[in-house]
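Novice: next one to model:
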Amino acid sequence: MTVIDGQVTLRLLQPLRSRELVMEAMLLAGEGAARFGMEHDIPLPFSTQSPPDNWPEITEGLAGMFAMRLTLKRSQMSSIPSPHAGLGLAAYVQATSPLRRYLDLVVHQQLRAYLRGEPFMDSQDLLTRVGSAEAVIGNLRVTERLSRKHWTLVYLKQNPTWQGNGVLIDQRGHWGKVLIPELGLENALYLTSDMALNSEFPLRFKKIKLAQLEGQLKIYQPADDEADDAASE
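Specialist: Down below sits the predicted model:
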């Protein structure tokens with residue numbers, strides 16, 4: 001997503017093999033740093049995650065992925081190595097972005113201190129830094145998510161004739177949740193009848209409430225364009 005002269009442009013990231021390779025290399029680096037720290041008794045901010053208490057009934061398609069996501073527990077930072085269920089790893093630390101994440105920098109500082117034969121911070125000092133970082137990490141994640149949604153809705157206001165496909169990933173009564181892969185956006189949709197999860201259908205936005213960060217969706221019908229043309233004549 002880019003903003004040039006007030007105009008928002010969305011660019012779909014292609015599922016390149018090179019991107020997958022970088023992701024796997026980052027995971028390997030994090031697992032390797034965690035193992036090295038455990039082998040040499042180096043206090044590190046381990047990223048841990050407990051397994052879900054139960055698995056969802058549906059596990060197929062985007063609806064299954066969404067249902068599984070709802071069962072995931074929040075990851076936590078700890079000075080004691082524990083499994084990370086989401087990654088399927090016995091131990092893991094985030095270590096590949098020291099310029100962007102403070103605790104990644106702490107990992108580098110600890111490893112460098114060990115390799116240089118210098119004193120490194122003990123577990124208590126480490127926990128103090130973890131606590132200070134976690135106090136703001138949650139707010140930063142929320143801010144990032146809301147900012148991304150804001151600019152996506154700005155894009156839709158600038159392109160009122162946008163239409164695209166959505167996938168039904170959850171349904172509670174007459175209300176469903178739709179994922180629009182093209183926009184990376186989840187949005188509520190009022191359903192006039194029951195629909196099967198993972199159903200795909202064309203959508204348009206009826207109204208964008210930017211201040212409330214809300215968009216009102218409707219299932220698109222070709223007759224909508226005919227009605228718009230007739231109204232403009």
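Novice: mean confidence score for the longest helix along the chain?
Specialist: Counting by DSSP state H, the longest helix found in the chain is helix 123-158. Per-residue pLDDT over helix 123-158 has a mean of 90.
Novice: now swap in stretch 186-200 and tell me
Specialist: According to the model, stretch 186-200 has a mean pLDDT of 91.
Novice: for residue 152, see how far away the most centrally placed residue in the chain is.
Specialist: Nearest to the centroid of the C-alpha atoms of the chain, with distances taken as CA atoms, centre = their mean, sits residue 145, at 8.1 Å. In this structure, residue 145 and residue 152 are 11 Å apart, going by CB to CB, to the nearest Å. Backbone N, C-alpha and C define where each C-beta goes, glycine included.
Novice: same check, this time on residue 178
Specialist: Residue 178 sits at a distance of 14 Å from residue 152 (criterion: CB to CB).
Novice: need the helices for the protein, in chain order.
Specialist: Counting by DSSP H, the chain has these helices, from start to end: 17-39, 61-71, 102-115, 123-158, 222-232.
Novice: just so I know, which of those helices lies nearest residue 190?
Specialist: Proximity to residue 190, assessed across the helices of the chain by CB to CB, is greatest for helix 222-232 (16.0 Å).
Novice: measure how buried the residue lying closest to residue 148 once chain neighbours are set aside is and give me the count.
Specialist: On the basis of CB to CB, 6 or more residues apart in numbering, the spatially nearest residue to residue 148 that is not a chain neighbour turns out to be residue 1, at 7.2 Å. Taking other CB atoms under 10 Å as the neighbour definition, residue 1 ends up with a count of 14.
Novice: same question for residue 102.
Specialist: In terms of burial, residue 102 registers 15 neighbours under the definition other CB under 10 Å.
Novice: is it true that residue 76 touches residue 48?
Specialist: Yes: under the criterion of CB atoms under 8 Å, residue 76 is in contact with residue 48, at a separation of 5.4 Å.
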